[in-house]
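**Q** attaching a predicted model along with its sequence, questions to come.
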Amino acid sequence: MNTKYVFITGGVVSGLGKGITAASLGRLLKNRGYKVTIQKFDPYINIDPGTMNPYEHGEVFVTDDGAETDLDLGHYERFINENLTKNSSVTMGQIYSNVLDKERRGDYLGKTVQVIPHITNEIKEKIYGFENTETEIVITEIGGTVGDIEGLSIIEAIRQVGLEKNPEDVIYIHVTLLPYIFGSNEIKSKPTQHSVKELQSLGIKPDILVCRTEQDIPDTIREKLSLFCNVRKTSVIQNKTADCLYAVPLMLEEEGLAREVCNHLKLENYVPDNQKWEEMIDIIRKIDTDKQVTIGIVGKYVQLEDSYISVIESIRHAGFANQIATKVELIDSETITPDTVKEKLSNLDGIIVPGGFGERGIEGMIETIKYARENKVPFLGICLGMQMAVVEYARNVLKLEDANSAEFSQTTKNPVIHIMEEQKAIRKKGGTMRLGSYPTVLKQGSLARELYGKEEIQERHRHRFEYNNSYKQKLEEAGLICSGTSPDGNLVEIVEISPENHPYFVGGQFHPELKSRPNKPSPVFVGLVRATKNLKEK
């Protein structure tokens, strides 16, 4: 079978859910037995989101191979249950950088370097990169909206793909908004018409329209869109807001999205096996929403929920596994002081301190962790959260009052979190972070070992600083157990307080949220929600 290409563009406004549409379609095609991968093209000129403020694009999602990517890759992985790679995240910054590197090396033999063909060829090289692999269908989401100046070369490149490949091997899906005007009680199709017109002016005729709407689309609107946008009526797909994010694939299945894609791409496996996904949604919908636990995320980027999207989704996954509804509260760590901590946190059943960089809000995180430890509130520390748990324990249990991370204090006499000597050598060569998947060996008899149910695990990292082993013996003697380390024992990956002394207190140097799935939740999140549920039911 020739490699099939699905391109998903967006129009009218951003934030319509192109990523969820791509992920949902990936799930539906995978349920038909196809090997599917998804990639994202972002039009911005940054090399990757790694250096961006989370308020710009939300969280930075990290793949097994250490790529710092757009958060949509998290949606892709959660829906299709595949571990993606750096090949699935492409920015125009990468494209321009690659082209300029080639020009400097003389690869273009003195030719004038232009958008067409040099930039578009580089884009197509990324698209065609999955050929001659096991992948049968490549779904490519184009970031931004049609007409954005940054994305014009991407649109031109995918137009060329349609010319270079067989018509039955390429399909274009356009996601648009159908606004509802409450004053006149009307769904308006004009914005979609204009968006499609813009796309057509760039040489692409969309084969399918996925229309985001809060109301059911009447037949008259479908007919109008079909006529004015030159799309078959059966290819006008309604995408209403769902009661559960993970129900979107089944909703789009009923609307006929996968059917239309299969017809156009001449795919033989027409009938899906959605049974397991349907069973999962059925379990989710049976959860009694009157009984819920409230989990607080105490971090520094709380003004934008997308900054912690994988953490929030992982809490939900853990709720599914424990058959209990979960409510998430985002709390700014800068607002937490010894005077406000009880007022801010007393209504929480569980607390998470997530990852982050920089000194802002650190003292509030430490105060939060102290509150969780002393008041026996189930706690999970992620990356920076784990490091601050070590700092808090050193300060308040070991009584090392100036204990800190070397990231935040150059003068502390007790850098319980630091840069190791081996890392200093790496940093001099230009490396700054431990990125991607690394193994962790779990201590026999520990809570971590019980949660994961095996001796060795793989989790993803994104950090610079490490636990200082000089303090390991004192901290363990005082009750903060190192229950997970690198295979050579040099790097502490997990700390915990024994369940005999605390209902749930776990900190991981890694980001467990990055591998959590709705049907395979992260064990440390499952443990957190289980502990909160058990305390609630007592």
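**A** Structure received.
**Q** mind listing what's buried in stretch 155-163?
**A** Of the residues in stretch 155-163, 155, 156, 157, 158, 159, 160, 161, 162 count as buried by neighbour count, 16 or more other Cβ atoms under 10 Å. Backbone N, C-alpha and C define where each C-beta goes, glycine included.
**Q** gap between the spatially most central residue of the chain and residue 437?
**A** With distances taken as Cα atoms, centre = their mean, residue 74 lies nearest the centre of the chain, 2.8 Å away. Residue 74 sits 15 Å away from residue 437, going by Cβ to Cβ, to the nearest Å.
**Q** run through the residues that contact the residue nearest to the residue nearest to the centre of the chain when sequence neighbours are not counted.
**A** Of all residues not flanking residue 74 in the chain, residue 61 sits nearest, at 4.5 Å (Cβ to Cβ, 6 or more residues apart in numbering). Residue 61 sits next to 68, 69, 70, 71, 72, 73, 74, 310, 514 when contact means Cβ atoms under 8 Å, 6 or more residues apart in numbering.
**Q** give me the subset of those residues lying in helices.
**A** Of these, the ones assigned to helices by DSSP state H are 72, 73, 74, 310.
**Q** ok, the last one touching residue 514?
**A** Yes: shown here, residue 310 and residue 514 form a contact pair, counting by Cβ atoms under 8 Å, at 5.9 Å.
**Q** between the two, what contacts are shared?
**A** Common contacts of residue 310 and residue 514 (Cβ under 8 Å, 6+ apart): 61, 74.
**Q** helices along the stretch 51-200 of the chain, start to end?
**A** Secondary structure of the stretch 51-200 of the chain (DSSP state H, counting those that start in this stretch): helices at 54-57, 72-80, 92-105, 120-127, 152-164, 190-201.
**Q** which of the ones you listed is buried the deepest?
**A** helix 72-80 (a mean of 26; mean count of other Cβ atoms under 10 Å).
**Q** what's that helix in contact with?
**A** Outside of helix 72-80, the residues within contact range by Cβ under 8 Å, 6+ apart are 18-20, 22-24, 26-27, 30, 36, 38, 40, 59, 61, 63, 82-84, 88-89, 141, 246, 249, 309-310, 313, 514-518.
**Q** if we go to 7 Å?
**A** Applying Cβ atoms under 7 Å, 6 or more residues apart in numbering, the contact partners of helix 72-80 are 19-20, 22-24, 26-27, 30, 36, 38, 40, 61, 63, 83-84, 88-89, 141, 249, 309-310, 313, 517-518.
**Q** just the buried residues of those.
**A** Among the contacts of helix 72-80, those scoring as buried are 19-20, 22-24, 26-27, 30, 36, 38, 40, 61, 63, 84, 88-89, 141, 249, 309-310, 313, 517-518 (criterion: 16+ other Cβ under 10 Å).
**Q** if we go by neighbour counts, what in stretch 314-331 is buried?
**A** For stretch 314-331, by 16+ other Cβ under 10 Å, it's 314-322, 324-326, 328, 330-331.
**Q** among these, name the ones in helices.
**A** Among the buried residues of stretch 314-331, the members found in helices (DSSP H) are 314, 315, 316, 317, 318, 319, 320, 321, 322.
**Q** any chance of TSV for the residues you listed, columns pLDDT and distance to residue 46?
**A** Shown next, in TSV, are these (pLDDT from 0 to 100; distance: Cβ to Cβ, whole Å):
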residue	pLDDT	distance to residue 46
314	98	26
315	98	29
316	97	29
317	97	30
318	98	32
319	97	34
320	97	35
321	96	36
322	96	39
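**Q** which of those lies closest to residue 457?
**A** Residue 457 lies nearest to residue 314 out of these, by Cβ to Cβ, at 15.4 Å.
**Q** pretty sure that closest one sits against residue 517.
**A** No: Residue 314 is beyond contact range of residue 517, at 9.2 Å (criterion: Cβ atoms under 7 Å).
**Q** strands along the stretch 101-250 of the chain, start to end?
**A** 137-142, 170-177, 180-181, 186-187, 208-213, 236-240 (DSSP state E, counting those that start in this stretch).
**Q** what packs against the last one?
**A** For strand 236-240, the packing partners by 3 or more Cβ pairs under 7 Å, 6 or more residues apart in numbering; DSSP states H and E come out as strand 208-213, helix 219-229, helix 248-255.
**Q** of those, which is nearest residue 278?
**A** Across those, residue 278 has its closest neighbour in helix 248-255 (6.4 Å, Cβ to Cβ).
**Q** flag every buried residue along the following helix or strand past that closest one.
**A** Downstream of helix 248-255, the next assigned helix or strand under DSSP states H and E is helix 257-265. Using 16+ other Cβ under 10 Å as the test for burial, helix 257-265 gives 257, 258, 259, 260, 261, 262, 263, 264, 265.
**Q** partner residues bridging the residue nearest to the last one when sequence neighbours are not counted?
**A** The one in question is residue 265. Distances taken as Cβ to Cβ, 6+ apart place residue 4 nearest to residue 265, at 4.9 Å, with adjacent residues excluded. Beta-bridge pairing of residue 4 under DSSP bridges involves residue 137.
**Q** what number of residues lie near residue 4?
**A** For residue 4, the neighbour count with other Cβ atoms under 10 Å is 24.
**Q** for it, what are its contacts?
**A** Contacts for residue 4 (Cβ under 7 Å, 6+ apart) come out as 136, 137, 169, 265.
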